[in-house]
Structure formats: structure tokens, C-alpha cells
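> what shape does this take:
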Amino acid sequence: MLFRHPLYRDKVIIIVEGGSDVRLFRGIFHCERTQVEPIDGKKELLSAMNDLSIEYPEQVLAICDADHENLTGTAKMAEQYSVYMTDCHDAELMMMQSPALESFIYEYSTSEYIDTMKKSLFDMVLQAAYPIGILRWINYEKKLNLNFKGLNFNEFSSIDNLDVTIDMQFLVNTLLERSRLKPPFVDYTYLMSEIDIYTQRNENGIQVCCGHDVANLIAIIYRQKSISTDRNTDVKKVELALRLSYQKEYFFDTDLFDRVSRRLGKFGVSIGANANKAMHATSA
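Model prediction:
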């Protein structure tokens, strides 16, 4: 319907996974020729782009989270359908790797903890979230139908100042109890064995960890009185603060930007203040 509307006749539609991604990317891709639009999730995005990239080859591209596809080596394959995936696991981790996380730390840390958080927060929470990311990876690759939706991180996360501990026994048993569609062979022994196998692969945390998990752990840390200026911090507040602090110049430093800008350049579109880089990438 958008492509048929007169107002969109000369526009390039950039499809993203959902509303939060629209809020992140519409400032980055703000120009007369582009329009950022959401679709309901990655699965639907990939399905739609199989058709749209063929029907409207010069009017549409999509951006989505890589999730585990950088680990499986399939992320770049989606570019044949004009789908471009994040350099790391997802957009949340992309923002955390930028100065946006430091802005969050300055805003929400007590004075005595600012330097410590700048030095240690990201590595600390990434390490803590790693085994959860391993479980998600196993679930994705083995198609186990484990239900991660709505997990209460307070139930299996222990926070003592800067020490974060994940009770994997509790988490695994919780997932088993709430996952009615899991195969019959999936039990506690099976999952713990697979966790050991996958952990030994020693993959990079920015590919293994889910940014939403990491943000949940940051929120729990920042509910401590000694550390935080706002003890009502939750995961939505963390992710909102990251989006508000994430400047488009940070995105220009990513490989994702280089790949998307080359594609947009073929449509005659250059991205915002970094148009010169986009034009250079197109001619390279």
C-alpha cells in the first residue's frame, strides 16, 4: 500500500523489526528520499523482503538484528534480499558499544561510581549475560522451542554491588517448566551438557549475548542505592536512555552503515550529515 501511495512514489522504504527500531533509525535515515517503517518482528521482515526486494528492487531495503546469524555465518546471505543485519547480536548491543552507554552512566550513576562504571560495566554485564546467550543460541540452532518471553531476571540474578551472578540451575529449570512445546528429549541434563559444549566454542560475547538480557542486568545493577541516582530503573528505561543518547555519528562507524549506505547509494540516496562517506562507498 505504501508503494502505491503518491507520497511514497520516489521514496526508499527502510523496513525495521518494530516500533523501537523506528525510533532508533528514523533520525539516522532522516532525508526526503527515505521513510522508516516497522513490521512485526524479524521472521515477518525476512518473509516480506523475499517478495518486496524482487517487486520493488530500487525502493526497499531492511535492517534487522543479526541475533545468532553472525555466529552461523548466514547474516550476509540475507543481503541478496536487501536485508542488512547488525554487526553484533542486536541493536541494543550496537548502542552499548558506542558512547551512548557512557552517557547513560553519567546520567544515572552516583558520583563515586562513574569511573568504575565507565571502566567495568559493559564487560561485567556481558560476561554475566553470556550463559543466557548460550542458552538462546542452543535454542535457536537446535530448534528446542524454549520460551524465553517474559523472564523475570530478579528470580535468577544475584547482584551484590558490582558482582553479578546468574543461577543457571534455576534458569534452566524455569525454562523447562514454562516451555510446553519443547521436544521430549530436552531435560536438565541435556541442556547443561549443551551449555558446556557451546561455551567451549569461546565465541565473542557481542555475538552470543542478547542486548535485552544485558539491559535487564544493567537495570538490576542500577536499582542499588549506592550506585544509582534512580532506583526505579527498569529495562525499558535503560533501552530508552541508550536510544536517546545514540547519535547518528556513532552509527556511521559501523560496518552496517557502510553496507546500507552502499545500497542506498545505488538508489541515489545519501545518508544525512555523512552523505560524502555514502557517496564514496558507492563509488568504491
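> show me the helices in the stretch 51-200 of the chain, by range?
69-72, 91-96, 100-108, 114-142, 168-178, 188-199 (DSSP state H, counting those that start in this stretch).
> could these go into JSON lines alongside mean neighbour count and distance to residue 245?
The C-beta positions use only the backbone N, C-alpha and C, and glycine is treated the same way. Putting the helices of the stretch 51-200 of the chain into JSON lines (neighbours: other Cβ atoms under 10 Å; distance: least, Cβ to Cβ, whole Å) gives the following:
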{"stretch": "helix 69-72", "mean neighbour count": "18", "distance to residue 245": "24"}
{"stretch": "helix 91-96", "mean neighbour count": "26", "distance to residue 245": "8"}
{"stretch": "helix 100-108", "mean neighbour count": "18", "distance to residue 245": "4"}
{"stretch": "helix 114-142", "mean neighbour count": "19", "distance to residue 245": "14"}
{"stretch": "helix 168-178", "mean neighbour count": "16", "distance to residue 245": "30"}
{"stretch": "helix 188-199", "mean neighbour count": "14", "distance to residue 245": "32"}
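> out of these, flag the one nearest residue 236.
Among these, helix 91-96 comes nearest to residue 236, with 11.7 Å by Cβ to Cβ.
> surely residue 234 meets residue 221?
No. Contact criterion Cβ atoms under 8 Å: residue 234 and residue 221 do not qualify, at 12.0 Å.
> these two: which is more packed in?
With neighbours defined as other Cβ atoms under 10 Å, residue 234 and residue 221 compare such that residue 221 has more, 26 against 15.
> which residue packs closest to that one, ignoring adjacent ones?
residue 159 (5.8 Å; Cβ to Cβ, 6 or more residues apart in numbering).
> pass me the low-pLDDT residue ranges in the chain, would you?
1-6, 8, 272-284 (pLDDT under 70).
> circling back: of the helices of the stretch 51-200 of the chain, which is nearest residue 150?
Of the helices of the stretch 51-200 of the chain, nearest to residue 150 by Cβ to Cβ is helix 168-178, at 8.7 Å.
> what about the strands in this protein?
For the chain, strands defined by DSSP state E occupy the ranges 12-16, 34-38, 60-64, 83-85, 157-160, 163-166.
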